[in-house]
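[1] The following comprises the amino acid sequence and a computationally predicted model.
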Amino acid sequence: MKRKFTGALLGSAVGDALGAPVEGCSRQKVSSVYGEGGEWKMISGRYTDDTEMMIGVAESLVANRGFNAEDLARRFVANYDPSRGYGPGTKEVLRRLSEGESWEEASKKVFGGAGSYGNGAAMRVAPVGVFYCDDLARLKEVAYKSSQITHSHELGKEGAALQAFCVALAVRGGRGGGRVGERRREREGMLHELKGFVKNAVFREKLEKIELDKAKTRDEVVRELGNGEAAFNSVPTAIYSFLRTESFKDAVAFAVSLGGDPDTIGAMTGAISGAYYGETAIPKAWLEKLEDGRKGRRYIKRLAEELYRVKISL
Ligand code: R7I
Ligand code: MG
Ligand code: MG
């Protein structure tokens, strides 16, 4: 169980760092950078906003032994490093928060008052998924509230809740051993539960397009599920990347290979896959290349272990 917590958080950071150098690139450009199939070498190991915000979520859950919106909003502001590549909506919300606007109101002002449906709330939600893996109602509530701080659009919140739920299913799954038929049935079961969880029509339609008995081409995946910065064009894609593969490495490489928003689709796929396969399934070479400064690889691992300790102490 502890290895699933560390796997989810480190997996998210590794996926982010692997996708970061090719963010905004086409599928073709990604394959010219990393090569087709085979072994991928991580290029820089520097993570982006996805991981910086995920760290804030985990720090806040640990410090408060659970969710505290005001504290989380403060941590997002305190951790903010503009060189990590934040989205424009989130930047504006963080500025508003730093000027004293309340966490409930600041996010409602962006995009002409619509609020953001970007994937910024889903990309950072892994700690919520592992921490509330056995309490669905609370998981959903906390996913929504943690989104509200920066993403108040219904679709931004729904994306975060779906991603958190998938991470929770991954924590609970993957224990039945390695028979192909069993693994297959487990994935069908997960997809079924995900469909049951989502009430929103936009996400529902996307999940309906996922077929586990047919391998889609990358072009089909991009066309049908998306590879962009909107939550509905990336969360289902991350879930699919996990469901169609059989290892952490293949899942994250597939997610990144789609291009578009690969740091974020990589981070979300990495979180689900890390929670499912556990930390030991993350390729050593990727982990070792992940940055290890003040809030780097070892810090993230310790944070995940603390989160686990708080969880079992409750
Ligand atoms: O969601 P957010 O934090 O961005 C996350 C992305 C990830 O790829 C990170 O790696 C980082 O690079 O940025 O930032 P937002 O600016 O809230 O949303 C991302 C994008 O989604 C915006 O730049 C818009 O293009 C789009 N978007 C919207 N467009 C119109 N109307 C989000 N919400 C809206 C909207 O309501
Ligand atoms: Mg990013
Ligand atoms: Mg991104």
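    That came through, no problem. Residues are numbered from 1 along each chain as shown. Ligands and ions are numbered 1, 2, ... in the order given.
[2] In contact with the residue in the stretch 1-150 of the chain positioned nearest to ligand 3, which residues are there?
    Scanning the stretch 1-150 of the chain for the residue nearest ligand 3 gives residue 23, at 5.4 Å (criterion: CB to the ion). Every C-beta, even on glycine, is put in place using the N, C-alpha and C of the backbone. Applying CB atoms under 8 Å, 6 or more residues apart in numbering, we find residue 23 in contact with 48, 85, 261, 262, 263.
[3] Do I have it right that the last one meets residue 24?
    Right, residue 263. No: using CB atoms under 8 Å, residue 263 is not in contact with residue 24; the gap is 9.5 Å.
[4] of those two, who's got more company?
    Taking other CB atoms under 10 Å, residue 263 and residue 24 do not tie; residue 263 has more neighbours (26 against 12).
[5] how close does the more buried one get to residue 312?
    Applying CB to CB, to the nearest Å, the value for residue 263 to residue 312 is 31 Å.
[6] and residue 230, what are its phi and psi?
    Torsion angles at residue 230 (phi, psi; degrees, to the nearest 10) stand at phi -70, psi 140.
[7] how about it, what does it touch?
    Contacts of residue 230 by CB under 8 Å, 6+ apart are 117, 118, 119, 155.
[8] Which pLDDT does the model give the last one?
    Reported pLDDT at residue 155 in the predicted model: 98.
[9] Looks like it contacts residue 117 (just checking).
    Yes: at 3.9 Å, residue 155 counts as touching residue 117 under the criterion of CB under 8 Å.
[10] what residues do these two have in common as contacts?
    By the contact definition CB under 8 Å, 6+ apart, residue 155 and residue 117 are jointly contacted by 230, 231, 232.
[11] what about residue 214, neighbour count?
    Residue 214 has 8 nearby residues by other CB under 10 Å.
[12] likewise residue 272?
    Residues lying near residue 272 (other CB under 10 Å) number 34.
[13] same deal with residue 285?
    Residues near residue 285, counting by other CB under 10 Å, number 12.
[14] any idea how far residue 83 is from residue 260?
    According to CB to CB, residue 260 stands 22 Å off from residue 83.
[15] I misspoke; the intended subject was residue 94.
    Distance, residue 94 to residue 83, using CB to CB: 14 Å.
[16] For the residue of the stretch 151-300 of the chain found nearest ligand 2, give me its contacts.
    At 4.3 Å from ligand 2, residue 263 is the closest residue in the stretch 151-300 of the chain, using CB to the ion. By CB under 8 Å, 6+ apart, the contact set of residue 263 is 15, 16, 17, 18, 19, 20, 23, 48, 50, 85.
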